[in-house]
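Undergrad: Sequence plus the predicted model coming up.
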Amino acid sequence: MKDRIPAEFRPGMQGLDKVLGKLESEIMEIVWRKGCQVSIRDIYAEIQANRKIAYTTVMTVMGRLAAKNLLQKWPVGNTYYFLPAVTRDEFTRSVVGKVMDSLLDDFADATLAHFVQRVQKDDRETIRKLEEMLAAHKEDLQKEGNPDATD
């Protein structure tokens, strides 16, 4: 999955634009929403309905998404068809994992402190989920015989 995670993270952007270009994000959202094989023309028609764009621009960006292993691409006659190579959820988890790993590698204390501050005292549901995740992780470590899992 690592080869499907873009290298650049732009925290000031919204949604997928944090890790993909604006048109890349738009195309991926359409492909995921459709949930079936699509052609460049299918995606072009949907984008063209909202704004003016060149067919060749959509074609180029979809080719780049295939090169990034986000889309699977295959020819049928003179038409290329595409499917997502990864679900939106898998992509999101991968991006979050990469960003968090990078932050923890370089700024572990600050990252954890911010995370704890972000989970508000009145956010009982998030705290409950976090406690369940930590308990499950601790249990897994104990099953593996890890001596650090007894705390």
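TA: Everything's here; your move. Numbers count the residues shown, from 1 in each chain.

Undergrad: Ala110: how many residues sit nearby?
TA: 11 (other Cβ atoms under 10 Å). The C-beta positions use only the backbone N, C-alpha and C, and glycine is treated the same way.

Undergrad: got the domain boundaries for this protein?
TA: As given by automatic domain parsing, the domain ranges for the chain are 2-86, 89-150.

Undergrad: who touches Phe9 in this structure?
TA: 18-19, 95, 98-99 (Cβ atoms under 8 Å, 6 or more residues apart in numbering).

Undergrad: out of those, who has the most neighbours?
TA: Val19 (22 neighbours).

Undergrad: so where's the chain uncertain?
TA: 1-7, 121, 147-151 (pLDDT under 70).

Undergrad: can you give me the helices in it?
TA: Using DSSP state H, the helices found in the chain span residues 22-34, 40-48, 55-67, 88-118, 124-143.

Undergrad: Could you name the helices and strands sitting against the second one?
TA: In other words, helix 40-48. helix 22-34, helix 55-67, strand 79-84 (3 or more Cβ pairs under 8 Å, 6 or more residues apart in numbering; DSSP states H and E).

Undergrad: Columns distance to Leu112 and mean neighbour count on top of those, output as CSV?
TA: What follows is the helices and strands packed on helix 40-48, written out as CSV (distance: least, Cβ to Cβ, whole Å; neighbours: other Cβ atoms under 10 Å):
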stretch, distance to Leu112, mean neighbour count
helix 22-34, 29, 17
helix 55-67, 34, 16
strand 79-84, 33, 17
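
Undergrad: which residue is nearest the middle of this protein?
TA: Thr92 (2.4 Å; Cα atoms, centre = their mean).

Undergrad: Tell me if I'm right that Ile40 and Thr60 touch.
TA: No. The pair Ile40 / Thr60 is not scored as a contact, 9.7 Å apart, by Cβ atoms under 8 Å.

Undergrad: For Gly12, give me its contacts.
TA: Here Gly12 is in contact with no residue (Cβ under 8 Å, 6+ apart).
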